[in-house]
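J.: Test case, fold it:
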Amino acid sequence: MLYTYVPSAIKCSIFGVELVGLSKDSIVTIERIGEVSTFRKAQDGSYTAFNDSIGSYRVTFHIEQVSQSNDFLHTIFKLHQRSGLNLKIPLNIEERGILGGTSFTSFDVFFETEPSAEFLSESSTRQWSFICNSASYSLKGTTDTGFLATALRATIRLIEVSEAFGIDMSNIEDLIGQGIVEAEKRLKNLF
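T.: Now for the predicted structure:
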């Protein structure tokens, strides 16, 4: 099977403004900060896992130094720095393809640091790093994964985005939990 990847299908935006002049080599990096699970060992040797379901992420954009997006981002950075306000920045990353792709959204975003500037004989990149809290992150490929995976992924994304807007979706989560229990019962009866 032949798989394809199109870097130009990746769209990154801050405050709804699409960033331009992204590096051709390394466009964006999304990394989780901290562990997903921590473990505690009991005296009997068993372990209990504690999951951090609402993690924070570091997102780094690699933008060519000649891009006007540097000016846009630096203006926002200076305004944020000078105002002293706890300004939350909406950030969105989307890989657009026929069958979709990875998506990342956060409405609780802050600058991690001001990028360094390096002047060389050739154009280089500037790295803009952000700390993103309460993000909705869906990491996937660009091929069809089937109906069940698509439906579950869409439901999870709906819950994550609604939580970012402060909408209580616990009743939907309860229904999903009931559906999983029922599916497990039916699978057990088949075997």
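J.: distance of residue 180 from residue 52?
T.: For residue 180, the distance to residue 52 (CB to CB, to the nearest Å) stands at 21 Å. For glycine as for every other residue, the C-beta is placed from the backbone atoms N, C-alpha and C.
J.: Please, where are all the helices along this protein?
T.: 68-83, 147-164, 170-190 (DSSP state H).
J.: Just the mean pLDDT for the longest one, thanks.
T.: Rounded to a whole number, the mean pLDDT of helix 170-190 is 70.
J.: what does the shortest one give?
T.: Averaged over helix 68-83, pLDDT sits at 89.
J.: can you check stretch 7-19 too?
T.: 88.
J.: The closest residue to residue 118 other than its chain neighbours: what's it in contact with?
T.: Excluding its sequence neighbours, the residue lying closest to residue 118 (CB to CB, 6 or more residues apart in numbering) is residue 124, at 5.6 Å. The neighbours of residue 124, taking CB atoms under 8 Å, 6 or more residues apart in numbering as the test, are 64-65, 118.
J.: do residue 68 as well
T.: Residues in contact with residue 68, defined by CB under 8 Å, 6+ apart, are 20-21.
J.: go with 10 Å
T.: The contact partners of residue 68, taken as CB atoms under 10 Å, 6 or more residues apart in numbering, are 19-21.
J.: Nearest the middle, which residue of the chain would you pick?
T.: Centroid check for the chain by CA atoms, centre = their mean gives residue 104 as the closest residue, at 3.1 Å.
J.: Bridged to that residue, which residues?
T.: residue 93, residue 137 (DSSP bridges).
J.: I figured it hits residue 91, correct?
T.: Yes: Residue 104 lies in contact with residue 91 (CB atoms under 10 Å); the separation is 7.7 Å.
J.: shared neighbours of those two, anything?
T.: 12, 57, 59, 132, 135.
J.: buried subset of the contacts of residue 124?
T.: Among the contacts of residue 124, those classed as buried by 16 or more other CB atoms under 10 Å are 64-65.
J.: By pLDDT, rank the contacts of residue 124 and give me the bottom one.
T.: Scoring the contacts of residue 124 by pLDDT puts residue 118 last, at 79.
J.: Distance of that one relative to residue 70?
T.: 13 Å.
J.: Overlap in contacts, the two.
T.: 125-126.
J.: Isn't residue 96 up against residue 103?
T.: Yes: contact status for residue 96 versus residue 103: in contact at 9.3 Å, counting by CB under 10 Å.
J.: the more surrounded of the two?
T.: Taking neighbours as other CB atoms under 10 Å, residue 96 and residue 103 compare with residue 103 leading, 18 against 13.
J.: how close does the more buried one sit to residue 9?
T.: 12 Å.
J.: joint contacts of those two?
T.: In contact with both residue 103 and residue 9: 94-96, using CB under 10 Å, 6+ apart.
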